[in-house]
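Engineer: predicted model and sequence follow; I will ask about them next.
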Amino acid sequence: QVRLVESGGGLVQTGGSLRLSCAASGRSFSGYVMGWFRQAPGKDREFLARITWNGGSTGYTDSVKGRFTTSRDNAENTVYLQMNSLKPEDTATYYCAADTMVRAFAGRYDYWGQGTQVTVSA
């Protein structure tokens, strides 16, 4: 079965950087989209970024454009989220998700990782 495992979270000061990884396994992800989301306590889950497994086409929500970059290493079956210029409001649990292009572009993701905590201190 599909398994997504995030890593790389932690505590960082304002202005710092972190790189999250999402190791994917269990099937071929050709034709899939990998998405990044976050959820802060008491808030709704927020879409951040996505990348197509084939071709590496990316998309970002406005709040992270220019600060966050997603990439993938097909050989390692791993997707990354490079986060720069971090702010306290970026504090949240970060998740990667996966689904087919049709479902992902409709905002539906069936496969989720367990999440990794990112805390940005002021």
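Structural biologist: Nice, thanks for sending it over.

Engineer: show me where this structure has its strands.
Structural biologist: For the chain, the strands defined by DSSP state E cover 3-7, 10-13, 18-25, 32-39, 46-52, 58-60, 68-73, 78-83, 92-100, 111-112, 116-121.

Engineer: next, the angle strand 46-52 makes with the longest one.
Structural biologist: Yep, that's strand 92-100 we're talking about. 40 degrees (axes from the mean of the first three to the mean of the last three CA atoms, to 10 degrees).

Engineer: who does strand 92-100 pair up with?
Structural biologist: strand 32-39 (antiparallel), strand 111-112 (antiparallel), strand 116-121 (antiparallel) (DSSP bridges).

Engineer: and the residue most central in space within the chain, how far from Thr93?
Structural biologist: Centroid-nearest residue in the chain: Trp36, 2.5 Å away (criterion: CA atoms, centre = their mean). When distance is defined by CB to CB, to the nearest Å, Trp36 is 12 Å away from Thr93. For glycine as for every other residue, the C-beta is placed from the backbone atoms N, C-alpha and C.

Engineer: perfect, that will be all.
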